[in-house]
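*Asks:* Sequence plus predicted model, see below.
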Amino acid sequence: MTSAAFPWKNGRPPHLPCGPGDIAENVLTPGDPDRVRLLADMLEDVTDFGRKREFALITGTFEGQRLTICSTGIGGPSTEIALVELAMLGAKRVVRIGGMSALVANYEPGSFVAVDRALGDTGTARTYRAAGGKAKASPAIVSGLVDAAAEQGLTCRPGMVASTDSYYFGQDRRYRPVDDGQDLSGAFIDGFLAKGAIGVEMESEIIMTVGSAIGLETGCLLGVHGNRATDEWLDDYEPTQRNLLRIAGRAFSKQ
């Protein structure tokens, strides 16, 4: 019988569109379901398990290794659901692949960051800190990402990012329909910079904190989609997204 405390049925989770045997030990988690489709043609022997809500999921092989790509949606709650269900289905290592806004000028759009730790006070991470979770990546995954990027002639540096539950107000963006002189003085970004963050995004703290609490090895490989110091924005992010897979997929072979 299905239980309200554990609403799985026949080994299948209530949210991810898959079941026993469908998940590889190595998993990449973009936020956007459309990016799963974008990257599918870079894998071989792909099985597409479809999509439920924000969760699109495929499994195939990349450079000879079995690999799952599963979207998480935006922010903490949906990312927690994906991580817990992936782990229960056999995932061992999870790397978030996504975008961030750099906060310092020398991180150009199109470059990459291998997140080694995250700061923030997102609601989901706060909950999992009570379960022993810490917002730190697996050192082996961080070094593997940096090395894999270098092998392909790409720039990837380790660094700390800030994660926030808010895309607009909490990242000092305009948050009302009309620009009526609202205060966008940088109160949040200045605080992140003061604590040593080189970028801001919305999922890394959750990936690492939830992952460590439930026994996953985790990391986050972020492409710089924008730079808040220079106000640059990357309009065509497809090459960056494909390079995220090339880097992270090869990094798994170093584990």
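*Replies:* Looks like it came in fine. Numbers count the residues shown, from 1 in each chain.
*Asks:* What average pLDDT does the helix or strand harbouring residue 47 get?
*Replies:* Residue 47 belongs to strand 44-52 when elements are defined using DSSP states H and E. For strand 44-52, mean pLDDT rounds to 97.
*Asks:* List the neighbours of that strand that are in contact with it.
*Replies:* With contacts defined as Cβ atoms under 8 Å, 6 or more residues apart in numbering, strand 44-52 is touched by 15-18, 22, 33, 40, 56-62. Any C-beta I mention is one placed from the backbone N, CA and C, and that applies to glycine too.
*Asks:* List the contacts of residue 210.
*Replies:* 79-80, 83-84, 124-125, 128, 133.
*Asks:* re earlier: which of the residues in the strand holding residue 47 are classified as buried?
*Replies:* By neighbour count with 16 or more other Cβ atoms under 10 Å, strand 44-52 contains the buried residues 49, 51.
*Asks:* Kindly export the next helix or strand along the chain from that strand (C-alpha atoms) in CSV.
*Replies:* Once strand 44-52 ends, the next helix or strand along the chain (criterion: DSSP H and E) is strand 55-62. Only the C-alpha atoms of strand 55-62 are listed here, as CSV (Å, rounded to 0.1, in the frame of the first residue of the first chain):
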residue,chain,number,x,y,z
PHE,A,55,11.6,17.0,-13.8
ALA,A,56,12.8,15.9,-17.2
LEU,A,57,15.1,12.9,-17.2
ILE,A,58,17.3,10.9,-19.6
THR,A,59,20.0,8.2,-19.1
GLY,A,60,22.7,7.4,-21.7
THR,A,61,26.4,7.0,-22.0
PHE,A,62,29.1,9.8,-22.3
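*Asks:* so what does strand 55-62 touch, helix or strand wise?
*Replies:* helix 33-40, strand 44-52, strand 65-70, helix 76-88 (3 or more Cβ pairs under 8 Å, 6 or more residues apart in numbering; DSSP states H and E).
*Asks:* okay, the ones you listed in JSON lines with distance to residue 209 next?
*Replies:* Putting the helices and strands packed on strand 55-62 into JSON lines (distance: least, Cβ to Cβ, whole Å) gives the following:
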{"stretch": "helix 33-40", "distance to residue 209": "23"}
{"stretch": "strand 44-52", "distance to residue 209": "24"}
{"stretch": "strand 65-70", "distance to residue 209": "18"}
{"stretch": "helix 76-88", "distance to residue 209": "9"}
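*Asks:* Can you tell me which of these is nearest to residue 98?
*Replies:* With Cβ to Cβ as the criterion, residue 98 lies closest to helix 33-40 of these, at 8.3 Å.
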